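# what's the 3D shape of this:
(one chain, ligands or ions: 1)
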Amino acid sequence: KKFLVLNGPNLNMLGKREPKIYGKQSLEVLEENLKKLENSFQVVIDPFQSNHEGVLIDKLHSAMNEYDGIILNPGAFTHYSYAIRDAIASIDVPVIEVHISNVHAREEFRHKSVTAPVTAGQIVGFGLFGYELAVKALAEYINRGE
Ligand code: DQA
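Numbers count the residues shown, from 1 in each chain. This is a model prediction of the structure:
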């Protein structure tokens, strides 16, 4: 099985960006740590990050032929990008949405996700560990469907 870990805008700034909210660990280290799970879950994990909505949409489209599942943190696009929502709905690949912070405990505009309704589920508020939980959840979700 092959999983895509897709991070959206500003997540390249992990470690530097608002560390009280997002922690001190870089995206690079997060991606390295996720790769370490490959053996135990018998999966290949490909990380990708972009700050651009269209690039994220293209990546979601091309994932259709390449991946069995997607772990997606759409960043702020979560709250308003109907285009990303439609891209998720367009593909026949399960998506798990991850948010590092507990968006529900933050500003009002972060309480709504326009993308979550077209995903398999959402993991919110457990810091970078949420991505590991998502790998486990995705493997389980795919096995259940087979
Ligand atoms: C985030 C939450 C979003 O509201 C924010 O815009 C982000 C990161 C999170 O992982 O907690 O960029 O998706």
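# What helix or strand is Glu32 located in?
Using DSSP states H and E, Glu32 maps to helix 27-35.
# In terms of helices and strands, where is Leu72?
Take DSSP H and E as the rule and Leu72 turns out to sit in strand 69-73.
# Give the other helices and strands that the helix or strand that comes right after that strand contacts.
Downstream of strand 69-73, the first helix or strand assigned by DSSP H and E is helix 82-90. Packing partners of helix 82-90 (3 or more Cβ pairs under 8 Å, 6 or more residues apart in numbering; DSSP states H and E): helix 53-63. For glycine as for every other residue, the C-beta is placed from the backbone atoms N, C-alpha and C.
# Could I have the CA atoms of the helix it packs on written out in CSV?
This file holds the C-alpha atoms of helix 53-63, laid out as CSV (Å, rounded to 0.1, in the frame of the first residue of the first chain):
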residue,chain,number,x,y,z
GLU,A,53,-4.1,25.6,-3.7
GLY,A,54,-3.8,24.5,-7.4
VAL,A,55,-0.7,22.5,-6.7
LEU,A,56,-2.6,20.7,-3.9
ILE,A,57,-5.5,20.1,-6.2
ASP,A,58,-3.3,18.7,-9.0
LYS,A,59,-1.6,16.4,-6.4
LEU,A,60,-5.0,15.1,-5.2
HIS,A,61,-6.0,14.4,-8.8
SER,A,62,-2.8,12.5,-9.6
ALA,A,63,-3.0,10.6,-6.3
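# Mind giving me the packing neighbours of it?
So helix 53-63, by 3+ Cβ pairs under 8 Å, 6+ apart, packs with strand 2-7, strand 69-73, helix 82-90.
# wait, does that helix contact the ligand?
No - judged by Cβ under 6 Å from any ligand atom, helix 53-63 stays clear of the ligand, getting no closer than 12.6 Å.
# Show me what that helix is in contact with.
In this structure, residues lying in contact with helix 53-63 by Cβ atoms under 8 Å, 6 or more residues apart in numbering are 4, 6, 8, 48, 50, 70, 72, 74, 77, 81, 83-84, 87-88, 90-91, 93.
# Using PDB, list the CA coordinates for the strand holding Leu72.
This file holds the C-alpha atoms of strand 69-73, laid out as PDB (Å, rounded to 0.1, in the frame of the first residue of the first chain):
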ATOM      1  CA  GLY A  69      -4.900   6.600   0.800                       C
ATOM      2  CA  ILE A  70      -4.100  10.200   1.700                       C
ATOM      3  CA  ILE A  71      -3.400  12.000   5.000                       C
ATOM      4  CA  LEU A  72      -4.200  15.600   4.400                       C
ATOM      5  CA  ASN A  73      -3.600  18.800   6.400                       C
END
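# Many thanks, I have nothing further to ask.
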